[in-house]
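Q: Task: produce atomic coordinates for the following.
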Amino acid sequence: MPRTSFPAAWLGLPILVVLILAVAVAAGGALAACVWFAASAPPPPSAVVEPAVPVSDDINPVATLSAVELWGAFEKNADEGDAKYKGKWVNISGNVVAATKEGNTVSVGLQVATGTALRVEELKDLSDRERRWYKEGFPPNVVCYSAVGAEGRLAALRRGDRVELAGLVVGRKTADVWHDYIVLLEGCRVVGPGGD
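A: From the prediction side, this is the model:
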């Protein structure tokens with residue numbers, strides 16, 4: 001029987017095909033894992049209840065800023081954040097992570113941190129709580145407690161809503177969240193839809 005000869009370049013073809021398939025499967029698996037983590041994220045648990053401040057018309061906010069900006073003011077130096085905002089009214093805008101009724105008070109958590117797409121190998125390197133946040137969603141880093149009489153509008157907020165709130169800054173508190181602290185506000189009420 002005559003022997004069939006193949007060009008030398010064809011000898012590496014099966015190996016090349018296997019490598020291409022392996023890369024495609026790995027990339028698809030990482031994408032599927034990221035989509036699954038994002039799609040299966042229930043709302044995070046709410047924070048501790050603080051006493052409510054009654055609704056008042058004599059609010060003069062010292063600043064209008066995003067939840068990220070307010071949280072960031074306490075990140076590097078909590079004393080500077082306290083000096084600038086503690087005990088003062090601010091208007092803050094952000095995306096709602098959770099709105100929870102706790103007794104006669106409603107707490108609204110605003111988003112500061114979001115997860116980015118990670119490969120399966122990168123997820124394995126995270127701590128248990130970071131893996132939980134990537135799967136369930138990051139907990140809020142700014143938490144606003146309702147003013148007496150303002151609970152209805154706050155309770156109507158849903159995860160993902162963009163909102164602007166007015167609130168009295170209580171300050172930085174230690175919590176089991178990203179960077180281990182939240183900024184707490186009380187006497188909060190909805191003042192409008194959140195801007196960009």
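
Q: quick one: Tyr145 from Asn91, how far?
A: 16 Å (CB to CB, to the nearest Å). The C-beta positions use only the backbone N, C-alpha and C, and glycine is treated the same way.

Q: Tell me which of those two has more neighbours.
A: Tyr145 (27 against 18; other CB atoms under 10 Å).

Q: doesn't Lys173 make contact with the more buried one?
A: No. Using CB atoms under 8 Å as the test, Tyr145 is too far from Lys173 to be in contact (11.9 Å).

Q: Now do the shared contacts for those two.
A: Leu184 (CB atoms under 8 Å, 6 or more residues apart in numbering).

Q: what's in contact with stretch 170-178?
A: 47, 50, 74, 78, 81-82, 85-86, 112-113, 129, 133, 138-141, 180-186.

Q: again, only this time at 7 Å
A: Residues outside stretch 170-178 that contact it (CB atoms under 7 Å, 6 or more residues apart in numbering): 47, 50, 74, 78, 81-82, 86, 112-113, 129, 138-139, 141, 180-186.

Q: go on, stretch 141-149?
A: 47, 50, 52-55, 67, 70-71, 92, 94, 105-110, 112-113, 154, 165, 167, 177-178, 182-189.

Q: mind listing which of the contacts of stretch 170-178 are in helices?
A: Residues of these located in helices (DSSP state H): Ala78, Gly81, Asp82, Arg129.

Q: I'd like the distance from the first one to Asp180, if you could.
A: In other words, Ala78. 12 Å.

Q: Counting neighbours, go ahead and name the busier of the two.
A: Ranked by neighbour count (other CB under 10 Å), Ala78 and Asp180 place Ala78 first, with 15 against 9.

Q: what's the closest non-adjacent residue to that one?
A: In space, Ala78 comes closest to Arg172 once its chain neighbours are excluded; the distance is 4.8 Å by CB to CB, 6 or more residues apart in numbering.

Q: Count the residues that sit near that neighbour.
A: Other residues lying near Arg172 total 20 when counted by other CB under 10 Å.

Q: Check the secondary structure at Arg159 for me.
A: coil (DSSP: H, G, I helix; E, B strand; the rest coil).
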